[in-house]
Each structure stands twice: as C-alpha cells, then as structure tokens.
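Undergrad: structural data only, the sequence is not supplied:
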C-alpha cells in the first residue's frame with residue numbers, strides 16, 4: 001500500500017478492487033470537502049491505472065510506472081482548474097491528444113482537477129468525451145463542489161466520496177509531516193490537512209502564525225495597524241483577508257457556544273467588549289466584500305485593509 005493519508009486508503013482500495021476485477025468505470029469523480037485530499041487520492045489512482053501489470057496497485061517497476069514517477073508518461077494528461085477557468089479549447093486539445101492508441105502500456109488517463117472550474121463549453125466537451133469514450137481511456141475528475149457540475153457529467157462517473165478526517169486523524173497525520181507542529185498551530189484558520197500543506201508549500205505558514213499575536217497587540221494598543229500589515233502587497237492581500245476573516249468567524253462561532261482556539265481567546269474577549277457581536281458580524285462581511293472587490297478593481301490593498309482594521 002502506498003504511503004497516503006489513512007482516511008484516503010478505503011477509497012483507494014475500493015477503486016483498486018474494481019480495477020483488478022475489470023469492473024471499473026471509464027470515468028471517476030472524486031469529491032469531498034476542500035483540502036481533504038481529493039487530488040492526492042486521484043494521483044494515486046492514476047498511477048494504478050497506468051501500471052502495465054494486471055494487479056490492483058501500481059507495481060512501481062514497469063516502464064509505465066517509471067515514466068509516471070518521472071512525470072513524463074505520454075499517455076497521461078492533466079487539466080488543473082485551481083488557478084483559473086478550464087476552457088473548451090483546452091479540453092478539445094486534450095481529447096485529440098488521447099484519441100490515438102496508447103504509446104506506452106495499456107491505458108490512457110485524463111485527470112481534471114478542480115473540475116468545477118470548467119466553463120459551460122468545456123463541460124459540454126468533457127460530457128461528449130464521456131459519452132463516446134476512446135478505447136482504454138479513463139477520465140478522473142476531482143471537485144470540492146461536485147453539485148456545481150453538470151448532472152449529466154456526474155451521472156456518467158463512478159462517484160468516490162472522500163470522508164472528512166477527524167481532528168485526531170489530522171493531528172496524527174500532521175505530526176508525520178515536516179513542520180507539522182507549526183501547521184497544527186493553524187487550526188484556527190483551517191482543519192483541512194491539505195490546505196495546511198498548501199500554505200506550507202507557498203511559504204506562508206509564518207504569515208498566518210504571527211497574525212493572532214499581531215492582532216492582539218494592535219487591539220491592546222501596543223502596536224500599530226501598519227505593523228500588523230507590514231509585508232502586505234498584492235501577492236498576499238488575500239492571505240491577510242483570509243486570516244482576519246477566519247479570526248472573526250471563529251469569534252462569531254464562539255459567541256454561539258462553540259469552542260475557540262486558545263490563540264484567539266484574548267482577541268475574542270477584546271473584540272466582543274469593543275464591538276459586540278452585531279458589529280463583529282458586519283466587520284466579517286466587510287472583509288469578505290473587500291476580498292471580492294480587490295479581485296475586480298485596482299484598489300490600493302494597503303489603504304483598504306488599513307481602513308478596515310482602523311474600525312476594529
């Protein structure tokens with residue numbers, strides 16, 4: 001068994017059994033909450049599908065497995081919708097590329113991650129490919145918003161639901177990762193394990209980790225708004241907004257009786273005393289609107305977020 005998170009293993013085994021018994025659908029849709037590991041699971045499933053040996057899991061030694069390991073397999077294609085919309089020309093090019101017989105091994109695989117990013121024309125092109133699948137061709141789609149996909153696409157896919165791991169499972173898994181302890185300190189931001197790994201990969205762990213203490217100092221009056229926003233620019237404005245919004249969201253939830261992360265207890269007490277719950281909710285809505293506006297206009301991010309924090 002490959003070394004993947006424990007909560008992904010039952011889903012992987014399910015597909016491996018179907019593969020070994022020649023019962024596997026030509027299209028898979030892997031769904032779950034954002035950050036629980038759909039993409040990681042999909043890549044493991046793709047390795048198994050590309051293997052040349054007639055067994056459940058990838059052997060790791062055949063020519064196809066070696067090409068997959070080197071990320072150079074000519075019969076494997078990927079479309080990633082995480083950063084931008086997937087457009088119809090991208091899908092059509094991909095379908096043409098995989099329309100021929102496999103160049104190596106037995107199968108061809110198309111992986112479309114964050115499939116909810118397909119525009120309507122791209123989705124229709126994928127639907128046509130699913131309705132008229134090329135021989136020995138598999139489509140693997142991942143999505144955290146599967147309900148936004150066309151019902152006709154969903155109906156043609158084997159649905160693989162990735163469970164949301166428990167807090168104990170996430171903590172145990174994080175402790176096996178580099179700097180896992182530092183990531184565990186960000187549970188006030190998110191408990192989704194692969195979102196935490198993405199933050200680490202982007203080099204933004206410290207940005208988020210420092211935010212509660214910086215904000216607490218600002219609320220006490222021992223540091224300035226400009227000090228909290230030191231290092232802010234167009235490349236990380238969304239991170240600052242996400243972090244501040246997460247803090248407010250945790251405080252709002254705590255006001256209804258849910259537990260709050262120890263790192264936010266002082267901030268909660270101060271914000272409730274200062275603003276009250278209704279104003280706290282208004283500030284949360286204002287942050288979300290600011291984040292949206294900054295994506296659409298050329299607003300000065302430092303000026304806008306400084307104005308927001310001055311109202312806290």
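TA: Received, thanks. Everything numeric here is computed off the predicted structure, so don't read it as measured data. Numbers count the residues shown, from 1 in each chain.

Undergrad: distance between the ends of stretch 77-91?
TA: For stretch 77-91, the first-to-last residue distance is 10 Å (CA to CA, to the nearest Å).

Undergrad: now that stretch: how far from the chain's centre is it?
TA: Counting by CA atoms, centre = their mean, to the nearest Å, stretch 77-91 is centred 16 Å from the centre of its parent chain.

Undergrad: other residues contacting it?
TA: Outside stretch 77-91, the residues that touch it by CB atoms under 8 Å, 6 or more residues apart in numbering are 94, 97-98, 108-119, 121-122, 124-126, 129. Just so you know, the C-beta spots here come from the backbone N, C-alpha and C atoms, and that holds for glycine as well.

Undergrad: tell me how many other residues surround the residue nearest to residue 17 when sequence neighbours are not counted.
TA: Nearest in space to residue 17, with sequence neighbours left out and distances taken as CB to CB, 6 or more residues apart in numbering, is residue 56 at 6.5 Å. For residue 56, the neighbour count with other CB atoms under 10 Å is 16.

Undergrad: so who does residue 56 touch?
TA: 13, 16, 17, 19, 20, 48.

Undergrad: same check on residue 41?
TA: With contact set as CB under 8 Å, 6+ apart, residue 41 has these partners: 4, 8, 11, 12, 30, 142, 160, 162.

Undergrad: for the third one, pull up the helix or strand it's in.
TA: With secondary structure defined by DSSP states H and E, residue 11 is part of helix 9-20.

Undergrad: now the element after that helix, going C-ward?
TA: That would be, after helix 9-20 and using DSSP H and E, strand 27-31.

Undergrad: ok, residues contacting that next one?
TA: 11, 15, 38, 41-42, 45, 115, 130, 133, 138-144, 146, 149, 153-154, 156-162.

Undergrad: parallel or antiparallel, which strands does that strand pair with?
TA: Here strand 27-31 is paired, per DSSP bridges, with strand 137-143 (parallel), strand 158-161 (parallel).

Undergrad: figure out how far the last one is from the centre of its chain.
TA: Spelled out, that is strand 158-161. For strand 158-161 - counting by CA atoms, centre = their mean - the centre lies 17 Å from the chain centre.

Undergrad: list the buried residues in that strand.
TA: Across strand 158-161, burial judged by 16 or more other CB atoms under 10 Å covers 158, 160.

Undergrad: could I get the average pLDDT for it?
TA: Averaged across strand 158-161, the pLDDT comes to 96.

Undergrad: same check, this time on the longest one
TA: The predicted model gives strand 137-143 an average pLDDT of 96.

Undergrad: packing partners of whichever helix or strand comes after it?
TA: Following strand 137-143 in sequence order, the next helix or strand is helix 151-155 (DSSP H and E). Packing partners of helix 151-155 (3 or more CB pairs under 8 Å, 6 or more residues apart in numbering; DSSP states H and E): helix 120-131.

Undergrad: quick one: residues in contact with the helix it packs on.
TA: 26-27, 85-88, 90-92, 95, 110, 112, 115, 118, 139, 141, 149-150, 152-153, 156-157.

Undergrad: one more pass at 7 Å, please.
TA: With CB atoms under 7 Å, 6 or more residues apart in numbering as the test, helix 120-131 has contacts from 27, 86-88, 90-92, 95, 118, 139, 150, 152-153, 156.

Undergrad: quick check: phi and psi on residue 101?
TA: Taking degrees, to the nearest 10, you get phi -70, psi 150 for the backbone angles of residue 101.

Undergrad: oh sorry, the question was meant for residue 111
TA: phi -110, psi 120.

Undergrad: same check, this time on residue 261
TA: phi -60, psi 140.

Undergrad: show me where the stretch 51-200 of the chain has its strands.
TA: Taking DSSP state E, counting those that start in this stretch as the criterion, the stretch 51-200 of the chain contains strands spanning 76-80, 108-113, 137-143, 158-161.
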